[in-house]
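Participant: requesting a structural model of the entry that follows:
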Amino acid sequence: MELKGKTALVAGIGKSGLAAVKVLLSKKAQVYLYDKKNESEIPSEVKNMAADNDIKCYWGNIPCNDEKFDILVISPGIPLDEDIAVFGRENCSEILGELELAYRLSKGNYIGITGTNGKTTTTSLVGEILALSGRETFVVGNIGDPVAEAAVRSADNSWFAAELSSFQLETISEFKAKVSGILNITPDHLNRHKTMDAYAQAKARVFENQTKEDYFVVNKDCARSWALAGACPATVVPFSRKEALDFGCFVKDDEIVIKNQRGEEIFICRCEELQIPGTHNLENALAAAAMCYFAGIEPEIIAKGLRDFEGVEHRIEFVSEIDGVRYYNDSKGTNTDASSKAIDALKQNIILIAGGYDKKEDFGPFVKNFDGRVKHMYLIGVTAPIIAKACDDAGFKNYTFKEDMQECVQSGYELAEKGDIVLLSPACASWGMYNNYEERGRHFKECVKALGGK
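Facilitator: A predicted model of the protein is given here:
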């Protein structure tokens, strides 16, 4: 992609937007920067960077309609019906996301992983297995480096393990993965996508440019995911923890096995050898094993990667044990299905901290999943009264409203008895209280650490 001398308007000053700015400048494009925040809300380091690089900025204002640009690089957090996107369709030759920009600048092969839950765990696992195989590996997307930063360092033999959100996939046009995957589809981001069908179709874009020589790994146990497979142009590789398959990756006699196109059954490892808890993590392991096998990695390397993997930060992450009470950080539980899986994995005696930003989810099934395992729940954020209403409807009365994380952790410490678990698994995004789930999880861990000194 030739960018020298091109005019590029970058919308959004988040991590991906600033990565796009850096790459565009390195390619000698003329860069402009937009964010809907007013200038007083823009961090000084961003303003200094813009000044140092002679970047014209539009803070809080859309460019005038007589201004034209070659490309608009739009951050994934900006919905495509916002004013800046409307401006782009009328005044820019092309609209790209950071993922698409990176793909056009990169070399090598992509393993593109999407789904509602499990993306970070699966992407991390795939990345570790790729690295174990000796390949130059970049773990990118919603995890690790922005894709654009890694793209300019890639070579023909590089491999990208890319965690891809529905927001990133909305703005692709040429992006093509050698191996793609959809882990599951459950309600999430309905405040943006409006319907489950629109959300699923955004996820399905991960395979739209693949061919029969490529592979699409999909969860056969998830009806919504499996329903998309019929439209996939790639070779479909199902995975299942519930049934044996004629082709794909599955559990047989408590072992992870792959059956390839020749009908050969290949043992990978025993399920009990996985260090990450829960049936959802078994599904993540099956998906990762399938992706890596069809990317050409030897079974023994896949097995070592599965056995050695200890999980990721903020996903059912053990933090501490204090007076016989265990504390777990599941800040990455940003929707009801993810948090339900955390509860399933930890079994019982749970004191739960939940609540946050409202993504228009139905919390009724979430509360019904408590099933005697949640002893008490502390609620924070704008969704607190919404979750409380679902609790009342389900007859669950053991909840208390709290002001902030520190109050939740302190109250949990005072309530918990030996053998209990205090679990942060919010079932909501962090926006409005924290910048992201990582910041929320770190704050929870800081609050727990402070308990140890009491």
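Participant: so where's the chain uncertain?
Facilitator: Within the chain, the stretches with pLDDT under 70 are 453-454.
Participant: would you map out the domains in it?
Facilitator: Split into domains by automatic domain parsing, the chain comes to 7-97, 106-308, 317-451.
Participant: quick one: closest of these to residue 1.
Facilitator: Closest to residue 1 of the domains of the chain, according to CB to CB: domain 7-97, at 8.2 Å. (Glycine included, C-beta is placed from N, CA and C.)
Participant: quick one: that closest one to chain centroid distance?
Facilitator: Distance of domain 7-97 from the chain centroid (CA atoms, centre = their mean, to the nearest Å) equals 24 Å.
Participant: that older thread, make TSV out of the domains of the chain and add distance to residue 1 and mean neighbour count.
Facilitator: Shown next, in TSV, are those (distance: least, CB to CB, whole Å; neighbours: other CB atoms under 10 Å):
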stretch	distance to residue 1	mean neighbour count
domain 7-97	8	18
domain 106-308	9	20
domain 317-451	29	19
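Participant: what ranges does the stretch 51-200 of the chain have for its strands?
Facilitator: 56-59, 69-74, 92-97, 109-114, 137-141, 159-163, 179-182 (DSSP state E, counting those that start in this stretch).
Participant: can you redo those as JSON lines with distance to residue 207?
Facilitator: Shown next, in JSON lines, are these (distance: least, CB to CB, whole Å):
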{"stretch": "strand 56-59", "distance to residue 207": "36"}
{"stretch": "strand 69-74", "distance to residue 207": "22"}
{"stretch": "strand 92-97", "distance to residue 207": "17"}
{"stretch": "strand 109-114", "distance to residue 207": "8"}
{"stretch": "strand 137-141", "distance to residue 207": "16"}
{"stretch": "strand 159-163", "distance to residue 207": "13"}
{"stretch": "strand 179-182", "distance to residue 207": "5"}
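Participant: out of these, nearest to residue 249?
Facilitator: Using CB to CB, the strands of the stretch 51-200 of the chain put strand 179-182 closest to residue 249, at 10.9 Å.
Participant: helices of the stretch 101-250 of the chain, start to end?
Facilitator: For the stretch 101-250 of the chain, the helices defined by DSSP state H, counting those that start in this stretch cover 119-132, 147-151, 166-169, 190-193, 196-204, 223-228.
Participant: which residues touch the fourth one?
Facilitator: With contact meaning CB atoms under 8 Å, 6 or more residues apart in numbering, helix 190-193 is reached by 79, 166-167, 196, 199, 202, 358-361.
Participant: likewise for the fifth one?
Facilitator: Applying CB under 8 Å, 6+ apart, the external contacts of helix 196-204 come out as 114-115, 166-167, 169-170, 182, 185, 187-190, 193, 224, 227-228, 231-232.
Participant: which residue is most remote from the mean position of the protein?
Facilitator: residue 66 (37.8 Å; CA atoms, centre = their mean).
Participant: could you measure from that one over to residue 36?
Facilitator: Residue 66 sits 21 Å away from residue 36, going by CB to CB, to the nearest Å.
Participant: equivalent analysis for residue 99, please.
Facilitator: 21 Å.
Participant: over to residue 239?
Facilitator: Separation of residue 239 from residue 36 (CB to CB) stands at 41 Å.
Participant: swap in residue 227?
Facilitator: From residue 227 over to residue 36 (counting by CB to CB), the distance is 36 Å.
Participant: likewise for residue 344?
Facilitator: For residue 344, the distance to residue 36 - CB to CB - is 39 Å.
Participant: next: residue 397.
Facilitator: For residue 397 relative to residue 36 (CB to CB), the value is 42 Å.
Participant: what is the nearest of the contacts of helix 190-193 to residue 122?
Facilitator: Among the contacts of helix 190-193, residue 166 lies closest to residue 122 (CB to CB), at 15.8 Å.
Participant: contacting residues around stretch 299-314?
Facilitator: Residues contacting stretch 299-314 (CB under 8 Å, 6+ apart): 120-121, 124-125, 128-129, 132-133, 143, 256, 258, 266-269, 273-276, 281, 285, 288-289, 292-293, 317, 329-332, 437-438, 441.
Participant: among those residues, which are in strands?
Facilitator: Secondary structure from DSSP state E places 256, 258, 266-269, 317, 329 of these in strands.
Participant: check these and tell me the two furthest apart.
Facilitator: Within the ones in strands among the contacts of stretch 299-314, 266 and 329 form the most distant pair, 35.5 Å apart (CB to CB).
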